[in-house]
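A.B. asks: please work out how this folds:
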Amino acid sequence: MTDGDEIAVRIDEVPPCARCGGAALLRVRFGHSWTNTAGRPVEGFREADLCPACDSGDTSADDLLALFAVAEEVPLSSVVDFGGHVAAWVESVRRRRVDMVRLRSEERAEHAHRLHGGPP
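C.D. replies: Numbering: from 1, shown residues only. All right, here's what the predicted structure looks like:
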């Protein structure tokens, strides 16, 4: 992560987790870039939710989850510590890649479900 990266943190009225639909504790929005099929860089944004159900067991997420477990609000004296944990968690989220084996498996299961009369 570079000094120019901005992370927007939402801790108030956080929508449900985008992965499981459960209660997310915070949502972050951060710059994200990738290389398209033409080999050109594409700049954009990405959002991620901190979810106790989905993120428990991830080292960088566990630090944040622990902070939320001990207090409903982050005390002013801990804001810098909180920010450091958020930045570390975002960096780990930024490095995540799609599990192509799992994606293909879910695609096959969905296709088989539709073939056998399941709803779209």
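
A.B. asks: Ala24: which element?
C.D. replies: Counting by DSSP states H and E, no helix or strand carries Ala24.

A.B. asks: do Asp63 as well
C.D. replies: For Asp63, the host element (DSSP H and E) is helix 59-70.

A.B. asks: that helix: what's the following helix or strand?
C.D. replies: Taking DSSP H and E, what comes next after helix 59-70 is helix 79-95.

A.B. asks: whatever helix or strand comes next after that next one: how far from the chain's middle?
C.D. replies: Going down the chain from helix 79-95, the next helix or strand is helix 100-115, by DSSP H and E. Mean-position distance between helix 100-115 and its chain equals 23 Å (C-alpha atoms, centre = their mean, to the nearest Å).

A.B. asks: ok, and for stretch 101-120, which residues are buried?
C.D. replies: Within stretch 101-120, no residue counts as buried by 16 or more other C-beta atoms under 10 Å. All C-beta atoms are positioned from the backbone trio N, CA, C, and that covers glycine.

A.B. asks: packing partners of the helix holding Asp63?
C.D. replies: Contacts defined by 3 or more C-beta pairs under 8 Å, 6 or more residues apart in numbering; DSSP states H and E place helix 59-70 against strand 41-50, helix 52-55, helix 79-95.

A.B. asks: Asp5 is nearest to which of the ones you listed?
C.D. replies: Nearest to Asp5 among these is helix 79-95 (8.5 Å), distances taken as C-beta to C-beta.
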